[in-house]
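**Q** Give the three-dimensional model of this entry:
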Amino acid sequence: MQFRLAILLFVCVLGFNSQAQNIPKHAIGLRFSGGVLFGGALNYQYAPDEANRFEFNIGRLGGKEFSSTEIQITYQWVFPLDDRFDWYAGGGGKLGFQSQTAYDLRTPLGLSLVGQAGIQYTFDIPLNISLDVCPDVLAINYGYDRRNWLNLNLGVRYLLF
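**A** Residues are numbered from 1 along each chain as shown. Okay, the predicted model is just below:
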């Protein structure tokens with residue numbers, strides 16, 4: 001159900017005509033995740049133009065019985081809502097390396113397709129915060145039932161214009 005919602009959002013985003021805006025070319029910071037798993041990641045954003053960007057994350061997610069180091073790359077379309085307030089949506093992939101588990105896993109490797117949709121606010125100082133959801137559907141499974149996970153993320157970034 002969550003994956004279908006992400007696909008629907010993606011198709012809707014393609015129908016919008018993005019307006020030019022002033023997003024920074026580079027931003028670096030931290031991204032904190034909550035939901036089924038908790039964790040954090042180093043976060044970097046690169047905007048090749050005024051309305052699109054790539055987001056790169058490397059971090060660690062885990063719970064009581066499972067933890068992994070993950071690398072995630074997403075492509076995002078950014079749409080202005082107000083002078084400093086934007087929303088964004090996109091998709092990409094995630095590669096995970098299991099590092100601790102209470103399960104008998106088939107493989108220490110996980111590969112996921114991810115969607116992403118969120119909002120962000122840019123302050124007068126070179127800082128922005130974001131809140132997004134990131135549905136995660138495993139393409140290569142670790143070996144236990146980890147499907148359709150929905151993570152809520154809070155990002156804090158320093159803007160490098």
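**Q** any idea how far residue 88 is from residue 138?
**A** 24 Å (Cβ to Cβ, to the nearest Å). The way it works is simple: take the backbone N, C-alpha and C, and place the C-beta from them, glycine included.
**Q** Neighbour count for those two, which is higher?
**A** More neighbours surround residue 88 than the other of residue 88 and residue 138, with 23 against 17 (other Cβ atoms under 10 Å).
**Q** Quick check, that one in contact with residue 76.
**A** Yes. Judged on Cβ atoms under 8 Å, residue 88 makes contact with residue 76 at a distance of 4.6 Å.
**Q** joint contacts of those two?
**A** 53, 116 (Cβ atoms under 8 Å, 6 or more residues apart in numbering).
**Q** Helix, strand, or coil at residue 23?
**A** coil (DSSP: H, G, I helix; E, B strand; the rest coil).
**Q** so where's this structure uncertain?
**A** For the chain, applying pLDDT under 70 flags the ranges 1-22, 35-37, 100-107, 141-148.
**Q** Okay, strands next: where are they in it?
**A** Assigned by DSSP state E, the strands in the chain fall at 26-34, 38-46, 52-62, 66-80, 85-101, 109-122, 127-140, 149-160.
**Q** The first one packs against which elements?
**A** Contact here means 3 or more Cβ pairs under 8 Å, 6 or more residues apart in numbering; DSSP states H and E; on that basis strand 26-34 packs against strand 38-46, strand 52-62, strand 149-160.
**Q** By neighbour count, which bits of that strand are buried? Give me those.
**A** For strand 26-34, the neighbour count (16 or more other Cβ atoms under 10 Å) marks 27, 29, 31, 33 as buried.
**Q** Could you export those as CSV, including distance to residue 70?
**A** Output for the buried residues of strand 26-34, formatted as CSV (distance: Cβ to Cβ, whole Å):
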residue, distance to residue 70
27, 20
29, 17
31, 11
33, 9
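**Q** re earlier: would you mind giving the helices and strands packed on strand 26-34 as a markdown table with distance to residue 92 and mean neighbour count added?
**A** Shown next, in a markdown table, are those (distance: least, Cβ to Cβ, whole Å; neighbours: other Cβ atoms under 10 Å):
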| stretch | distance to residue 92 | mean neighbour count |
| --- | --- | --- |
| strand 38-46 | 13 | 18 |
| strand 52-62 | 8 | 19 |
| strand 149-160 | 13 | 17 |
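**Q** possible to save the ones you listed as CSV with distance to residue 116?
**A** Output for those, formatted as CSV (distance: least, Cβ to Cβ, whole Å):
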stretch, distance to residue 116
strand 38-46, 12
strand 52-62, 8
strand 149-160, 8
